[in-house]
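J.: Using only what follows, build the 3D model:
(one chain, ligands or ions: 2)
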Amino acid sequence: MIIAIDGPAASGKGTLARRLAAHYRLPHLDTGLLYRAVGAALIEAGLPLDDSAAAVGAAESIDLSRLDAAALSRHDVGEAASRVAAIPAVRAALLDRQRSFGHGGPGAVLDGRDIGTVVFPNADAKLFVTATVAERARRRTAEMASRGLHADYATILADLERRDARDSNRASAPLRIAEDAILLDTTNLDADAAFLRALDLTDAALRL
Ligand SMILES: Nc1ncnc2c1ncn2[C@@H]1O[C@H](COP(=O)(O)OP(=O)(O)O)[C@@H](O)[C@H]1O
Ligand SMILES: Nc1ccn([C@@H]2O[C@H](COP(=O)(O)OP(=O)(O)O)[C@@H](O)[C@H]2O)c(=O)n1
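T.: Ligands and ions are numbered 1, 2, ... in the order given. The predicted structure follows:
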């Protein structure tokens with residue numbers, strides 16, 4: 001059983017994917033971490049983010065079991081991830097890894113930008129999670145502040161808008177809603193209400 005959760009930055013897709021995975025007792029993969037790991041590797045090596053050969057090398061050497069979500073959550077790493085994610089060869093290098101994760105065992109919940117459109121076009125349930133960019137920027141600002149990180153709302157809003165535009169306009173696997181995905185706008189839903197709504201929608205899609 002594959003559940004695909006896509007959506008723009010800071011829409012709450014990771015939070016929902018984690019909770020749905022716990023509910024259905026499935027493993028969860030935050031595919032954004034793969035692109036973040038590639039971006040972080042290039043930053044660490046002091047390489048330009050358009051160095052395709054280095055980015056593909058970093059993608060091929062990712063160890064899924066050793067992804068450090070906390071370290072990769074840095075704001076500049078999100079920006080770097082979006083840059084390397086526009087390189088088709090990087091996406092190709094990560095595709096099989098994501099598919100293997102989903103195909104092993106009982107299935108999986110995966111969240112990202114192209115899970116329902118490219119990685120698992122035949123997923124059993126597909127959600128596309130959104131919220132207004134103002135609300136998403138509010139959430140990301142609060143998240144960073146709660147971790148004691150510097151967080152300026154206006155900067156984060158501008159960064160999210162730029163990243164969404166890049167992710168939506170790239171040629172390779174752009175961010176878009178799959179034809180058969182269910183849209184879930186969480187602007188006016190708190191995390192618990194969003195989860196209950198998502199559960200109803202996925203139960204219905206899975207005919208549970
Ligand atoms: N429905 C919601 N209402 C308010 N805050 C939320 C909601 N869903 C998630 N959050 C919070 O917003 C931030 C971004 O959520 P996250 O799941 O990391 O988004 P994404 O995976 O889409 O980037 C986190 O701090 C999370 O706790
Ligand atoms: N399936 C995916 C997941 C992420 N990404 C890229 O990776 C970046 C970081 O993704 P993320 O999900 O960690 O970002 P947030 O929504 O958590 O801010 C995105 O801006 C995309 O450019 C992608 O292209 N395809």
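
J.: from here on, contacts and neighbour counts on C-alpha atoms
T.: Will do.

J.: Arg166: which element?
T.: Per DSSP states H and E: Arg166 is located in helix 153-169.

J.: what element comes up after that helix heading to the C-terminus?
T.: Scanning forward in sequence from helix 153-169 by DSSP H and E, the next helix or strand is strand 182-185.

J.: and that following strand, anywhere near ligand 1?
T.: No - with C-alpha under 6 Å from any ligand atom as the criterion, ligand 1 is not reached by strand 182-185; the gap is at least 9.0 Å.

J.: For that strand, list every residue counted as buried.
T.: Ile182, Leu183, Leu184 (16 or more other C-alpha atoms under 10 Å).

J.: Check stretch 193-208 too.
T.: Here stretch 193-208 shows Ala194, Phe195, Ala198, Leu199, Leu201, Thr202, Ala205 as buried, counting by 16+ other C-alpha under 10 Å.

J.: which residue packs closest to the fourth one, ignoring adjacent ones?
T.: Nearest-residue entry for Leu199: Leu20, 7.0 Å, with adjacent residues in sequence omitted and distances by C-alpha to C-alpha, 6 or more residues apart in numbering.

J.: May I have the secondary structure class of the one you found?
T.: Here Leu20 is recorded as helix under DSSP: H, G, I helix; E, B strand; the rest coil.

J.: hang on, Ala194 packs against Asp200?
T.: No - checked against C-alpha atoms under 8 Å, the pair Ala194 and Asp200 is beyond contact range at 10.0 Å.

J.: how about the lowest-mean-pLDDT helix or strand in the chain as PDB, C-alpha atoms only?
T.: Scoring the helices and strands of the chain by mean pLDDT, DSSP states H and E places helix 69-72 at the bottom, with a mean of 93. The C-alpha trace of helix 69-72 is given here as PDB (Å, rounded to 0.1, in the frame of the first residue of the first chain):
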ATOM      1  CA  ALA A  69      16.600  15.300   9.700                       C
ATOM      2  CA  ALA A  70      17.500  18.000  12.300                       C
ATOM      3  CA  ALA A  71      20.800  19.000  10.600                       C
ATOM      4  CA  LEU A  72      19.100  19.000   7.200                       C
END
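
J.: Skip ahead from that helix and say which helix or strand is next.
T.: helix 75-84.

J.: Mind listing residues that contact the following helix or strand past that following helix?
T.: Using DSSP H and E, the helix or strand that follows helix 75-84 in sequence is helix 88-103. Applying C-alpha atoms under 8 Å, 6 or more residues apart in numbering, the contact partners of helix 88-103 are 2, 29, 31, 34, 52, 55-56, 59-60, 84-85, 107-110, 119-120, 172.

J.: let's see it at 6 Å
T.: Outside helix 88-103, the residues that touch it by C-alpha atoms under 6 Å, 6 or more residues apart in numbering are Val56, Ala108, Ser172.

J.: Let's see if you can find the most crowded of those residues.
T.: Tallying neighbours with other C-alpha atoms under 10 Å puts Ala108 at the head of these, with 25 neighbours.

J.: my read: it touches Leu29, true?
T.: No - between Ala108 and Leu29 there is no contact under C-alpha atoms under 6 Å: 7.5 Å.
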